[in-house]
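Engineer: build me a model from this:
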Amino acid sequence: MLAASLKPPPSLAAFPSTALTPAPATTSFAVRLPRGGRLHLSAAATAESADAAVSQENAVSVSAAFDEARLSQFAADWKAVRADKAQGKILTLPVLRSNTGGVILKYSSMQGFVPNPLLSPAHWCKDPKRPIQEVTKDLVGSSISVKVVEANEGEKKLVFSEKDASWSTYSSQVKIGDTYDGIVSSVFHYGAFVHLRFPDGNYHLTGLVHISEVSWDLVQDVQDFLSEGDTVKVIVVNVDMEKSRIGLSIRQLEEDPLLETLDKIIPLDPDLSPDAETTSSPAEIELLPGLEGICNELLQEDGITDVKFGRQALEKRVVSQDLELWLSSVPAKDSQYKLLARAGRQVQEVYLTTSLDQEGVKKAVQRVLGRVP
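Structural biologist: Next up, the predicted model:
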């Protein structure tokens, strides 16, 4: 029995040949999952993953190259726009879109902004009653002429101005003494801004009517005389090319009531001279407050030998509540110059007998007014 138990094992030749077939090349690898399960990955799947990784790496490389090219383009554009600003170059750029604050323009690879206040008056005056936000919507898809006013690469801030471009183009056409039809754009305590209509029918520039040039009347509040949207006629009294400013006047297109008063309300007989009965000494007439002190001081000036008073009158309008002294531009006659004193509606002629010329009289009056409170 023991011999049977020691029977040798069967020969290997007893197993089928298939049992001896080598294991396939796609040997499985076990990867332990979080829950203890097994996931079998083939070598083919591993190769696909490797290919995907290579593709992703290539994509990242292409993206990095694109970003580098874009940054290089941005740097070149910032350099170019700074040069345009320094040269004051006028650019024609397309309007991409608008918003409540202005319009966005395309500058090469970048975008810039034109705030509504820096748009040309031409847009505001197309329909003064229409909100500018509605007007700017019509600009989308068109191109406008602008200048660079701010190019800050650090803050990524690019601002353009259409008004500056208009000034460069049209300001040379504006001369002192020119008259324009205009539209009041805004009113402040110091005056009113007026858009000027040019011969081509468009409103290209804006000027300021100072409070002192609004009317010959006493103006305490500009809004009592002018409102936004009013149409007015103005005359150019100053052009400051350095500061890009135009000074306008409304009142200078009207006759000064001071000149109307004495010659129209109280016509002067051609034969009437200052030595006639119309002249009086300070003691004989009721003087404007402060005028007597001024006359006494004038007599203290070298070259002034006499002071007499002529006609009195009331103006149609109040020009100034304070006492003002005006020197007539009429040449002296028999060594006499005429001054006009005015306060409220009252006007008083004052005749100075003097050996001074007109410029000397002017300086003497200025010295006296500087001494008299």
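Engineer: just for the stretch 251-373 of the chain, where's the confidence low?
Structural biologist: Scanning the stretch 251-373 of the chain for pLDDT under 70 picks out the ranges 256-285, 315-320, 329-330.
Engineer: what segments of it are helices?
Structural biologist: Applying DSSP state H, counting those that start in this stretch to the stretch 251-373 of the chain gives helices spanning 257-260, 291-298, 358-371.
Engineer: tell me how far the helix or strand hosting Val135 lies from the chain's centre.
Structural biologist: Val135 is located in helix 132-137, with elements delineated by DSSP states H and E. Helix 132-137 has its C-alpha centroid displaced from the chain centroid by 18 Å (C-alpha atoms, centre = their mean, to the nearest Å).
Engineer: before we move on, back to that, buried deepest among the helices of the stretch 251-373 of the chain, which one?
Structural biologist: Comparing the helices of the stretch 251-373 of the chain by mean neighbour count (mean count of other C-beta atoms under 10 Å), helix 291-298 comes out on top with a mean of 18. Any C-beta I mention is one placed from the backbone N, CA and C, and that applies to glycine too.
Engineer: just give me how far that one sits from the chain centre.
Structural biologist: Counting by C-alpha atoms, centre = their mean, helix 291-298 is centred 47 Å from the centre of its parent chain.
Engineer: which helices and strands does it pack with?
Structural biologist: On a contact count with 3 or more C-beta pairs under 8 Å, 6 or more residues apart in numbering; DSSP states H and E, helix 291-298 meets strand 304-314, strand 320-327, strand 346-354, helix 358-371.
Engineer: dump the ones you listed into TSV; add distance to His210 as well.
Structural biologist: Shown next, in TSV, are these (distance: least, C-beta to C-beta, whole Å):
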stretch	distance to His210
strand 304-314	27
strand 320-327	15
strand 346-354	24
helix 358-371	22
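Engineer: of all these, which lies closest to Asn99?
Structural biologist: In terms of C-beta to C-beta, the element of the helices and strands packed on helix 291-298 nearest to Asn99 is strand 320-327, at 47.3 Å.
Engineer: picking that back up, tell me the mean pLDDT over the helix or strand just after the helix holding Val135?
Structural biologist: Counting by DSSP H and E, the element after helix 132-137 in chain order, helix or strand, is strand 143-152. Regarding strand 143-152, the rounded mean pLDDT is 96.
Engineer: same thing with stretch 207-223?
Structural biologist: Here stretch 207-223 scores 89 as its mean pLDDT.
Engineer: all helices for the stretch 101-250 of the chain, in order.
Structural biologist: Along the stretch 101-250 of the chain, the segments classed as helices by DSSP H, counting those that start in this stretch run 121-124, 132-137, 162-170.
Engineer: of all those helices, which one comes closest to Leu218?
Structural biologist: So among these, helix 121-124 is nearest, using C-beta to C-beta, at 30.1 Å.
Engineer: by contact count, what packs against that closest one?
Structural biologist: Judged by 3+ C-beta pairs under 8 Å, 6+ apart, helix 121-124 is in contact with helix 132-137, helix 162-170, strand 191-197, strand 203-210.
Engineer: list of residues touching it?
Structural biologist: When contacts are defined by C-beta atoms under 8 Å, 6 or more residues apart in numbering, helix 121-124 is touched by residues 132, 135-136, 139, 163, 166, 185, 195-196, 202-206.
Engineer: same list, these, but as TSV with neighbour count and distance to Lys233 please.
Structural biologist: Converted to TSV, these look like this (neighbours: other C-beta atoms under 10 Å; distance: C-beta to C-beta, whole Å):
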residue	neighbour count	distance to Lys233
Ile132	18	25
Val135	18	25
Thr136	21	29
Leu139	19	30
Lys163	20	23
Ser166	24	21
Ser185	18	15
His195	23	13
Leu196	24	11
Asn202	17	17
Tyr203	25	14
His204	22	17
Leu205	24	16
Thr206	23	16
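Engineer: pick the one among those residues closest to Val174.
Structural biologist: Leu205 (6.8 Å).
Engineer: roughly how far does the nearest residue to the closest one once chain neighbours are set aside sit from Lys137?
Structural biologist: Leaving aside its chain neighbours, Leu205 sits nearest to Leu196 (5.1 Å; criterion: C-beta to C-beta, 6 or more residues apart in numbering). In this view, Leu196 and Lys137 are 25 Å apart by C-beta to C-beta, to the nearest Å.
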